[in-house]
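> after the sequence you'll find the predicted model.
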Amino acid sequence: MNESDFNNGLLEFLADSPTPFHAVKQLKQLLTAEGFEQLAEHNSWSLKPGGRYFVVRNGSSIAAIRTGSVHPTDGGLRLIGTHTDSPCLKIKPAPEIRRQGFLQLGVEIYGGVLLSPWFDRDLSLAGKVTCRMENGEINSVLIDFRRPVATVPSLAIHLNRDVHKNRTINPQKEVVLLVSSGDGDRRSFRQLLLGQIKHEHANLPVAEVLDYEISCYDVQPPAVIGLNDDFIAASRLDNLLSCYTACRSIIDTSGDTSAVMVCNDHEEVGSLSASGAQGPFLRSTLERLCGLEKRWTGPWTRPCCFPLIMRMRCILITKTSMTHSTGLASTVVRSSNTTLTRDTQQTVKLRRCFAIYANPLIYPFNRLPCEMIWRVAVPSDQ
């Protein structure tokens, strides 16, 4: 692949990947078009030498495998790791704010977001929505409004004369989406999502929106810029550039040594989730690639096989991420992230269980590898 084709493919991939869910969908399409076979985690795997496979978790993490002619425990493997998520604004579980005739949506800060660039942008919404179908089944669908539907307006300068003097941004009060001026529009955000689902997926018999993971994104498309086309300007380059590069690499790789690509979610908030890098996704994939899952002693207990993998000779591990240039940004100040990740389908299932007793509001927090911790907020009147 020449440089022009690679760059054009990258720009198309960036434009079609506003969320980790859409990025994994695009990666699946790239891999499938090149003969990779999708595997399911709940099924047994029968991997063959020279085979091409991939597996998806939570719709937001993906691992691709190319098996070589030599078994990984004998010949080692090549491993490259990236992440599908980027710092962004996510819609809160109960986001509606109605005041002075305007409809606004509250957002939560995901990852280490630089807040200033989000003001006065043409923003759209995209993500995953978990729904109850007319037959009672629970399914998830992806949506993308693909047009400007919101903005975060700046305060006029004559109301804030000190805006250029040590400005601080209160995300709770200032970073709020303005979406409508219709005083008579009393639809909830879930009803708005239901209308978008019916617009994008007209044939799906969706009865109710149960939960969602919706993110904001700037509708300005990625582009090659500079007098000599020197630069690529785009949102989510960290780390979708590495995802696309890793995907093209495993597609083009060959030889006797096996290769694995893993693109995890939740890197921006610490990777402590079932689909994050510190969760069990990569470990279980490598165990199954090496055939070590046969050592399980039962459905709930198993001996630790990961040290056997790490003792394999000739193993090459590469972790890719976007670097911050010290020449253009002389100082980078980092702060700790709060781990706030959710699995909408698991949320819905647990809500149904608790609804039998107290009908609480439930918000899951993934904080530990291989373990999901839930916070249950019961209404005060119950």
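Thanks, I have it.
> could you list the domains of the chain?
The chain breaks down by automatic domain parsing into domains covering 3-86+236-319, 88-221, 342-382.
> top helix in the protein by residue count?
Identified as the longest helix of the chain according to DSSP state H is helix 237-252.
> neighbouring strands of the next helix-or-strand element following that helix in the sheet, and parallel or not?
Going down the chain from helix 237-252, the next helix or strand is strand 258-264, by DSSP states H and E. In the sheet, strand 258-264 lines up against strand 61-66 (antiparallel), strand 77-83 (parallel) (DSSP bridges).
> can you give me the buried ones in the host helix or strand of I232?
According to DSSP H and E, I232 maps onto strand 231-233. Residues of strand 231-233 classed as buried by neighbour count (16 or more other CB atoms under 10 Å): I232. C-beta coordinates here come from the backbone N, C-alpha and C atoms, glycine included.
> which residues are in contact with that strand?
N7, L10, L11, P222, A223, V224, I225 (CB atoms under 8 Å, 6 or more residues apart in numbering).
> widest-spaced pair of those?
L10 and I225 (14.0 Å; CB to CB).
> partners of the strand holding I232, with directions?
strand 223-225 (antiparallel).
> for the strand it pairs with, which outside residues touch it?
Strand 223-225 is contacted by residues N7, L11, F231, I232, A233, A234 when judged by CB under 8 Å, 6+ apart.
> ok so the second one is a helix residue?
Yes - secondary structure assignment places L11 in a helix (DSSP: H, G, I helix; E, B strand; the rest coil).
> quick one: it and P222 touch, right?
Yes - the criterion here is CB atoms under 8 Å, and L11 meets it with P222 at 4.8 Å.
> what is I91 paired to in the beta sheet?
V107.
> let me know whether it touches L105 as I believe.
Yes - assessed by CB under 8 Å, I91 is found in contact with L105 at 5.9 Å.
> check the contact lists of these two and give me the overlap.
By CB under 8 Å, 6+ apart, I91 and L105 have these common neighbours: L177, F189.
> other SSEs contacting the longest helix of the chain?
helix 3-15, helix 20-33, strand 61-66, strand 77-83, strand 258-264 (3 or more CB pairs under 8 Å, 6 or more residues apart in numbering; DSSP states H and E).
> got the buried residues for the longest one?
The one in question is helix 20-33. P20, F21, H22, A23, V24, K25, Q26, L27, K28, L30, L31.
> what does it contact?
Taking CB under 8 Å, 6+ apart as the rule, helix 20-33 contacts 13, 16-17, 38, 52, 54, 56, 59-62, 64, 84-85, 126-128, 142, 144, 213, 240, 243, 247-248, 251, 263, 265.
> ok, back up a step: more crowded one of L10 and I225?
Shown here are L10 and I225; by other CB atoms under 10 Å, L10 has more neighbours (21 against 11).
> OK, contacts around that one?
Neighbours of L10 in contact, by CB under 8 Å, 6+ apart: P222, I232, L241, Y244.
> ok, so of these, who is nearest I157?
P222 (30.7 Å).
> out of the helices and strands packed on helix 237-252, which gets nearest to R161?
Nearest to R161, of all those, is helix 3-15, at 38.4 Å by CB to CB.
> buried ones in that closest one, by neighbour count?
L10, L11, F13, L14, A15.
> would you mind measuring from the fourth one to V206?
With distances taken as CB to CB, to the nearest Å, L14 is found 29 Å from V206.
> this protein: helices as residue ranges?
Along the chain, counting by DSSP H, helices occupy 3-15, 20-33, 72-75, 171-174, 189-200, 237-252, 281-289, 306-310, 344-355.
> in CSV: these, plus mean pLDDT.
Formatted as CSV, the helices of the chain follow (pLDDT from 0 to 100):
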stretch, mean pLDDT
helix 3-15, 94
helix 20-33, 98
helix 72-75, 86
helix 171-174, 91
helix 189-200, 96
helix 237-252, 95
helix 281-289, 93
helix 306-310, 43
helix 344-355, 68
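> nearest to F119, out of the ones you listed?
Ranking the helices of the chain by proximity to F119 (CB to CB) places helix 171-174 first, at 8.4 Å.
> count the residues that sit near the closest residue in space to V55 that isn't next to it in sequence.
Closest residue to V55 apart from its sequence neighbours, by CB to CB, 6 or more residues apart in numbering: L39 at 4.6 Å. L39 has 19 neighbours, counted by other CB under 10 Å.
> what's around G51, how many residues?
Neighbour tally, G51, other CB under 10 Å: 16.
> quick check on the closest residue to it other than its chain neighbours: phi, psi?
Among residues not flanking G51 along the chain, T67 sits closest, at 4.8 Å (CB to CB, 6+ apart). When read as degrees, to the nearest 10, the backbone of T67 gives phi -80, psi 140.
> and T67, how many residues sit next to it?
For T67, the neighbour count with other CB under 10 Å is 20.
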